[in-house]
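Trainee: pasting the structure only:
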DNA sequence: GGTCTAACATACTGGTTGGTATGTTTTCAT
DNA sequence: ATGAAAACATACCAACCAGTATGTTAGACC
């Protein structure tokens, strides 16, 4: 439907940018739901209506499609929601507590069952394919680095206690966040998510001066 | 080689218990290395020398083999190393700190790359198969319950601070432990493991009175 | 020692998958 | 207008995989 309207507005039958985007988005969703190795290209083609020839015109192989999902969807989404707000705040501890609270409140049961796209892919692919591992590790590195520098700035503004080791705390925070989401994903239980979330919130409290 | 010796000692050409054990052990290793869905039964048969007929005599299908690995290998191993020692100690905080330190010291690079078998399977299978999810969740539940009751006992012995909420702390501890191992697995970097480990150790310190 | 069944062994199948070969149709610069 | 290249479309393939059908053999029990 919308395609037809767009075709008329656009005045063209082909829109390679849109085709690529459709593929990326469908791939992201299906990878998120079923995992990269389990998802079949045919399923993505069925979902998007794109043909195999078109897919292999835009991506040389399945891995390349996955890489693009990591770089063009997962990475920017995570930055926007979890990294940038902390970097922009003067009080990273409070900012993180806020983020965790809103994440916990807005999380639906379906999202809970699917878990974190970044963590899912890491756990599935890091040992199997170096291309995935490096790209995912870059994201994690950026995340840890962001929290670390935010903690440093917070210390200067007297919002973070002096005894806090910024590097290990940042690593631990990212790890426990993913750990909590993973635990709730397996339990499929909001109560577990809230318990874990409370655990992080309490921990964050100990970082204040 | 050993099989032949055993055959002579045993005086029999067939040993169904041993055959089952061989299958379980090989399945565990290969699942740990490649994930459940990626591992092929043929690979396990090649590895063990067992034939397909024998495998399907012992297990009705692939999932059943996986379930048996969870119940008969992963669950008891985890209990022995991570749950029982904490339950037996009067000071769960110190006991956990000890466990984390020895785990961090004895971990090889190969183990680091492969991650935690329990967490790997959870992340891979919980959304895909309810049979796996329930079995893995039972293990997590036992783990959380163990730490919780250990924290309660520790409080009575004045080894755990009064402000500690046992339930959420237990959930958070298990989640962050798995989170740390997962983070180090993706990074393939001992330094990251140590940073995360230091984070947990510092956190555990805040639980003391 | 004969019989029955548990414990294996072999060969095969139907379905799926990532990838390719080859052809057609737009689009756009000249 | 036209040639070239980008953007798609179709048909096909070899490999693999879980599972099955069918047969064989060892060993326990009477």
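Mentor: Noted; the coordinates are in hand. Note that the structure is a prediction, hence the values are computed from the model and not measured.
Trainee: Now do residue A:77 against residue A:178, distance only.
Mentor: Note on residue A:77: its distance to residue A:178, by C-beta to C-beta, to the nearest Å, is 15 Å. C-betas here are computed from N, CA, C, even on glycine.
Trainee: nope, residue A:26 is what I was after
Mentor: Distance, residue A:26 to residue A:178, by C-beta to C-beta: 25 Å.
Trainee: same thing with residue A:192?
Mentor: On the measure of C-beta to C-beta, residue A:192 and residue A:178 end up 15 Å apart.
Trainee: So for residue A:26 and residue A:178, which sits in the more crowded spot?
Mentor: residue A:178 (28 against 20; other C-beta atoms under 10 Å in any protein chain shown).
Trainee: which other helices and strands contact the helix or strand where that one lies?
Mentor: Assigned by DSSP states H and E, residue A:178 belongs to helix A:166-187. Applying 3 or more C-beta pairs under 8 Å, 6 or more residues apart in numbering or on different chains; DSSP states H and E, one finds that helix A:166-187 contacts helix A:109-114, helix A:117-125, helix A:130-156, helix A:190-205, helix B:117-125, helix B:130-156, helix B:166-187, helix B:190-205.
Trainee: Among those, show me which one is buried the most.
Mentor: Comparing those by mean neighbour count (mean count of other C-beta atoms under 10 Å in any protein chain shown), helix B:166-187 ranks first with a mean of 26.
Trainee: Next, the angle helix A:166-187 makes with it.
Mentor: If you take axes from the mean of the first three to the mean of the last three C-alpha atoms, to 10 degrees, helix B:166-187 sits at 110 degrees to helix A:166-187.
Trainee: quick one: average pLDDT of helix B:166-187?
Mentor: Taken as a whole, helix B:166-187 has a mean pLDDT of 98.
Trainee: quick one, that helix and helix A:117-125 angle?
Mentor: Put simply, helix B:166-187 runs at 60 degrees to helix A:117-125, going by the same axes, to 10 degrees.
Trainee: next helix or strand past the helix or strand of chain A with the lowest mean pLDDT?
Mentor: Lowest on mean pLDDT, DSSP states H and E among the helices and strands of chain A sits helix A:2-10, with a mean of 44. Helices and strands here follow DSSP H and E; after helix A:2-10, the next one along the chain is helix A:16-34.
Trainee: State the distance from the closest residue to residue A:83 other than its chain neighbours to chain B.
Mentor: Once flanking residues are discounted, residue A:83 sits nearest to residue A:146: 4.4 Å by C-beta to C-beta, 6 or more residues apart in numbering or on different chains. According to C-beta to the nearest C-beta, to the nearest Å, residue A:146 and chain B sit 15 Å apart.
Trainee: What residues does residue A:146 make contact with?
Mentor: A:83, A:86-87, A:170 (C-beta atoms under 8 Å, 6 or more residues apart in numbering or on different chains).
Trainee: Write a PyMOL command that selects only the buried members of those residues.
Mentor: Selecting the buried subset of those in PyMOL, with 16 or more other C-beta atoms under 10 Å in any protein chain shown as the burial test, is done by:
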select buried, chain A and resi 83+86+170
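Trainee: Between the contacts of residue A:146, which sits nearest DNA strand C?
Mentor: Nearest to DNA strand C among those: residue A:83, at 31.1 Å, using C-beta to the nearest atom of the strand.
Trainee: my guess is the closest one contacts residue A:143, does it?
Mentor: Yes - proximity of residue A:83 to residue A:143 meets the contact threshold set by C-beta atoms under 8 Å, at 5.7 Å.
Trainee: and stretch A:117-124, how far out from the chain's middle?
Mentor: How far stretch A:117-124 lies from its chain's middle: 9 Å, per C-alpha atoms, centre = their mean, to the nearest Å.
Trainee: Can you see whether that stretch contacts DNA strand C, counting any residue in it?
Mentor: No - judged by C-beta under 7 Å from any atom of the strand, stretch A:117-124 stays clear of DNA strand C, getting no closer than 13.4 Å.
Trainee: Return the mean pLDDT over that stretch, rounded to an integer.
Mentor: 98.
Trainee: is chain B contacted by that stretch?
Mentor: Yes - for stretch A:117-124 and chain B, the contact criterion (C-beta under 8 Å from any C-beta of the partner chain) is met by A:119-120, A:122-124.
Trainee: Between which two of the residues you listed is the distance greatest?
Mentor: Pairwise distances across the residues of stretch A:117-124 next to chain B peak at 9.4 Å for A:119 and A:124 (criterion: C-beta to C-beta).
Trainee: DNA strand C contacts on chain A?
Mentor: Within reach of DNA strand C by C-beta under 7 Å from any atom of the strand, chain A has these residues: A:12-14, A:39-43, A:52-53, A:56, A:61-63.
Trainee: Where does the prediction get shaky in chain A?
Mentor: Applying pLDDT under 70 to chain A flags residues A:1-12.
Trainee: Reformat the helices and strands packed on helix A:166-187 as TSV; add distance to residue B:48.
Mentor: Formatted as TSV, the helices and strands packed on helix A:166-187 follow (distance: least, C-beta to C-beta, whole Å):
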stretch	distance to residue B:48
helix A:109-114	35
helix A:117-125	25
helix A:130-156	29
helix A:190-205	37
helix B:117-125	18
helix B:130-156	22
helix B:166-187	26
helix B:190-205	32
